[in-house]
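1. Any chance you can model this:
(one chain, ligands or ions: 1)
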Amino acid sequence: MSIAKSVPPVSEASTPETQGRITIPDHVDRWDEYFLNMAKVVSIKSKDPKCPVGAVIVSDDNIVLSTGFNGLARGVHDDEEILLNADEKLKVICHAEHNAIMNASRIGIALQGAAIFVTKFPCLACCNSIIQAGITQIYTHDNEFWNDDPFDKDHSRKKRVLHEAHVKVDAPYHPEFKPTEQIVVRKKRVPGRETNVPARGAKLEGDSGA
Ligand SMILES: [Zn+2]
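-> Numbering: from 1, shown residues only. Purely as a prediction, here's the structure:
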């Protein structure tokens with residue numbers, strides 16, 4: 001999948017009006033960018049004052065299956081004392097990727113073969129959840145790993161499990177990952193007829209996506 005080099009990481013595209021929390025471009029051509037911007041919008045629901053994260057899970061034919069942001073579990077009070085205490089927050093907060101997976105589970109949506117678009121590179125625990133949910137692709141513009149990952153300080157474990165589980169990682173701004181394949185339009189066979197299903201990396205043009 002080729003990557004448009006002119007597209008800056010979402011995290012770098014902030015304005016004073018948005019106070020660095022969200023910036024949406026006027027237009028995007030690519031499904032990847034479309035869903036990643038959606039994940040950025042999802043992140044604004046986060047109660048984490050220091051690190052809002054958003055995730056969107058999408059089917060292989062570009063249907064949004066689930067979303068999640070990082071925060072305390074449903075029904076648990078968003079206690080400011082907890083959210084402002086880094087040590088305590090790390091112990092109790094539910095990550096965006098895990099929440100997106102659990103939200104799908106809550107209403108019985110299968111994620112086999114789906115992709116996850118996330119504003120930060122997943123931690124080891126979320127990588128394991130991504131694998132176990134059957135998600136086969138991660139897309140992010142994050143250019144670094146999360147340095148507080150408690151069980152994977154050197155990030156070797158998450159790299160290993162993603163590699164061995166054959167999860168495709170598209171992180172074009174991350175020094176440890178590079179685009180690995182060109183944009184292709186996959187042909188999907190349907191009994192009695194043949195139709196083209198645009199790949200997630202393909203342009204939006206001419207496709208309503210609805
Ligand atoms: Zn995580």
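
2. Tell me which residues touch the closest residue to residue 67 other than its chain neighbours, please.
-> Nearest in space to residue 67, with sequence neighbours left out and distances taken as CB to CB, 6 or more residues apart in numbering, is residue 42 at 4.8 Å. Every residue, glycine included, has its C-beta placed from N, CA and C. If a contact means CB atoms under 8 Å, 6 or more residues apart in numbering, then residue 42 has 54, 55, 56, 67, 68, 69, 96 as its contacts.

3. wait, is the third one part of a helix?
-> Just to be clear, that refers to residue 56. No. Per DSSP: H, G, I helix; E, B strand; the rest coil, residue 56 lies outside any helix segment and is strand.

4. hang on, the earlier thing: wait, which of the contacts of residue 42 is closest to the ion?
-> Nearest to the ion, judged by CB to the ion, of those is residue 96 at 7.5 Å.

5. Any regions of this structure where pLDDT drops low?
-> 1-21, 178-210 (pLDDT under 70).

6. now the helices: where do they sit in it?
-> For the chain, applying DSSP state H gives helices covering 31-43, 80-83, 86-92, 96-106, 124-133, 156-164.

7. And the contacts of stretch 103-117?
-> 32, 35-36, 38-39, 55-60, 65-68, 97, 100-101, 122, 130, 133-140, 200.

8. Quick one, which of those residues are buried?
-> 32, 35-36, 38-39, 55-60, 65-68, 97, 100-101, 122, 130, 133, 135-140, 200 (16 or more other CB atoms under 10 Å).

9. returning to what we had before: quick one: closest of the helices of the chain to the ion.
-> helix 124-133 (3.2 Å).

10. which helices and strands does the closest one pack with?
-> helix 96-106, helix 156-164 (3 or more CB pairs under 8 Å, 6 or more residues apart in numbering; DSSP states H and E).

11. right, is it up against the ion?
-> Yes. Counting by CB under 5 Å from the ion, contacts between helix 124-133 and the ion involve residue 126.

12. quick one: that helix to helix 96-106, angle?
-> 30 degrees (axes from the mean of the first three to the mean of the last three CA atoms, to 10 degrees).

13. Buried residues, helix 124-133. List them.
-> 124, 125, 126, 127, 128, 129, 130, 131, 133.

14. possible to save the helices of the chain as JSON lines with distance to residue 112?
-> Below are those laid out as JSON lines (distance: least, CB to CB, whole Å):
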{"stretch": "helix 31-43", "distance to residue 112": "18"}
{"stretch": "helix 80-83", "distance to residue 112": "34"}
{"stretch": "helix 86-92", "distance to residue 112": "30"}
{"stretch": "helix 96-106", "distance to residue 112": "11"}
{"stretch": "helix 124-133", "distance to residue 112": "8"}
{"stretch": "helix 156-164", "distance to residue 112": "17"}
